[in-house]
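Engineer: Provide a 3D model corresponding to the input given below.
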Amino acid sequence: MISNPDSVILSISSYELSKNEIEFFKDVKPFGFVLFRRNFENKKQLIYLINSLKQITQNENLLIFIDQEGGKVQRLNNHEFIKFPPQKVFGDMYKKDFKLALDLAYKSSYLMGYQQKSVGIDVDFSPVCDLYFKNANNIIGSRSFSHDPAIVLELSRIFCKGLFDSGIIPVPKHFPGHGRSLEDTHLKKSKIDISFDELYETDMVPFKILDDSLMVMLAHIIYPKIDNHVATYSKKIISMMRNKFNFEGLVLSDDISMKALSGSRIDRVKKSYEAGCNIILYCKGDLKEIKEIYPYIRKIDNKYFEIFLTKTTKLFQKKKNFTKFKTDLIKYKLIKN
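Structural biologist: Numbers count the residues shown, from 1 in each chain. Down below sits the predicted model:
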């Protein structure tokens, strides 16, 4: 019987695998690897690296992940790749012409996914489903479509469709909503002190797309009127998400290296699993730290992994008119020729 992969997404330190990384990774079976700017020199090198990663581990179906949102978060950012606008552009457009906004958001996400697929990437940590709040920390900012939950919902849905049609799995983030945070959770702890009812009627509205999603990423934020634990460690929040949003997919932590989480790296892994996270995300690329946490990494939960496998059989790239999509985006000055 073939065993499930290990429930972790790893990262590497540079744009090529070191001898020590090769030696370690050949004996493990991670769910996937996430790529960052430090892993990207040019397209040819990237394809070689991705092929190497897909061949080196025990996982024959290893997935490659990336943060490619558009705007300030796009790891593939040299002249060989289209530079896409931030999500906010489509939210602003929606208020003037919602049909045009939906059409161009679809074309943008499709092209974004098409480019990723062409080099061997499988999953995009996108779209950002968080609401925009003027007085919040700018870590979300223009990454959000809008302050209006209904607009964010519609654009998130069409963004997911564009990625999915390109052959890329989208990962909506950051449940149950990061937009109000006054802190950058990469750097420090954060609390959003509003009631469940208010959160459910506003910040959580875009996550109605979860009933048709394969994965979701959590926010490293404490919502004290729901639970005193950070969402990543909260059985209550994860259980609520599954029940209220009919979510049967895989629950991903955000990066466990982020300073919003407390405890040792091993504690972070254990607490995330205990709360109901299916996949641990580790982004720092430090092999010593990977070796430290790996004995505590579990196999992916069979129930949710079976659902994931069943749904991914429907994933294939739908052929679209790439040139026309690109021409339309150029016409509205969303990308450059």
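
Engineer: from here on, contacts and neighbour counts on C-alpha atoms
Structural biologist: Fine.

Engineer: and residue 10, backbone torsions?
Structural biologist: Residue 10 has phi and psi values of phi -100, psi 180 when expressed as degrees, to the nearest 10.

Engineer: do residue 175 as well
Structural biologist: According to degrees, to the nearest 10, residue 175 has phi -70, psi 140.

Engineer: which one is it nearest to, not counting chain neighbours?
Structural biologist: residue 218 (4.6 Å; C-alpha to C-alpha, 6 or more residues apart in numbering).

Engineer: ditto for residue 226
Structural biologist: Among residues not flanking residue 226 along the chain, residue 196 sits closest, at 6.1 Å (C-alpha to C-alpha, 6+ apart).

Engineer: Could you verify my assumption that that neighbour touches residue 225?
Structural biologist: Yes - using C-alpha atoms under 8 Å, residue 196 is in contact with residue 225, at 6.7 Å.

Engineer: more crowded one of these two?
Structural biologist: For residue 196 versus residue 225, neighbours defined as other C-alpha atoms under 10 Å are more numerous around residue 196 (16 against 13).

Engineer: Tell me how far that one lies from residue 207.
Structural biologist: As judged by C-alpha to C-alpha, to the nearest Å, residue 196 and residue 207 stand 14 Å apart.

Engineer: Report the rounded mean pLDDT for the longest helix anywhere in the chain.
Structural biologist: Counting residues, the longest helix in the chain under DSSP state H turns out to be helix 98-119. Mean pLDDT, computed over helix 98-119, is 98.

Engineer: Which secondary structure elements does it sit against?
Structural biologist: If you count contacts as 3 or more C-alpha pairs under 8 Å, 6 or more residues apart in numbering; DSSP states H and E, helix 98-119 packs onto helix 43-56, helix 88-96, helix 149-165, helix 322-331.

Engineer: Can you tell me which of those helices is most buried?
Structural biologist: With neighbours defined as mean count of other C-alpha atoms under 10 Å, those peak in mean count at helix 149-165, which reaches a mean of 23.

Engineer: Quick check: what element follows it along the chain?
Structural biologist: Next along the chain after helix 149-165, taking DSSP states H and E as the criterion, comes strand 169-170.

Engineer: can you list contacts of that following strand?
Structural biologist: Residues outside strand 169-170 that contact it (C-alpha atoms under 8 Å, 6 or more residues apart in numbering) are 122-127, 160, 163-164, 213-215.

Engineer: Could you list the buried residues of stretch 190-197?
Structural biologist: For stretch 190-197, burial by neighbour count (16 or more other C-alpha atoms under 10 Å) applies to 190-192, 196.

Engineer: With only the CA atoms kept, save it in PDB.
Structural biologist: Taking Å, rounded to 0.1, in the frame of the first residue of the first chain, the C-alpha atoms of stretch 190-197 are listed here in PDB:
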ATOM      1  CA  SER A 190      -1.700  40.300  16.500                       C
ATOM      2  CA  LYS A 191      -5.300  40.400  17.900                       C
ATOM      3  CA  ILE A 192      -8.500  41.300  16.200                       C
ATOM      4  CA  ASP A 193     -11.000  42.100  18.900                       C
ATOM      5  CA  ILE A 194     -14.400  41.900  17.300                       C
ATOM      6  CA  SER A 195     -17.400  39.600  17.900                       C
ATOM      7  CA  PHE A 196     -17.900  36.400  15.900                       C
ATOM      8  CA  ASP A 197     -21.200  37.800  14.500                       C
END
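
Engineer: How about residues contacting that stretch?
Structural biologist: Residues from elsewhere that reach stretch 190-197 (C-alpha under 8 Å, 6+ apart): 180-184, 220-226, 260.

Engineer: go on, stretch 53-69?
Structural biologist: Stretch 53-69 is contacted by residues 5, 22, 25-36, 50, 73-76, 86-87, 112, 120-128, 143 when judged by C-alpha under 8 Å, 6+ apart.

Engineer: And these, which of them are buried?
Structural biologist: 5, 25, 29-36, 50, 74-76, 86-87, 112, 120-128, 143.

Engineer: For stretch 260-272, which residues meet the burial criterion?
Structural biologist: Within stretch 260-272, the residues scored as buried using 16+ other C-alpha under 10 Å are 260-261, 265-266, 268-272.

Engineer: Now do the same for residue 273: helix, strand or coil?
Structural biologist: Under the three-state scheme (DSSP: H, G, I helix; E, B strand; the rest coil), residue 273 adopts helix.

Engineer: Next up, the contacts around it.
Structural biologist: The contact partners of residue 273, taken as C-alpha under 8 Å, 6+ apart, are 233, 279-280.

Engineer: Just name the closest of the residues you listed to residue 148, please.
Structural biologist: Checking these against residue 148 by C-alpha to C-alpha gives residue 233 as the nearest, at 28.2 Å.

Engineer: tally of neighbours for the closest one?
Structural biologist: For residue 233, the neighbour count with other C-alpha under 10 Å is 27.

Engineer: Which pLDDT value does the model give residue 316?
Structural biologist: pLDDT for residue 316: 88.

Engineer: ditto for residue 259
Structural biologist: Per-residue confidence (pLDDT) for residue 259: 94.

Engineer: Next one: it from residue 244, what distance?
Structural biologist: Using C-alpha to C-alpha, we find residue 259 at a distance of 29 Å from residue 244.
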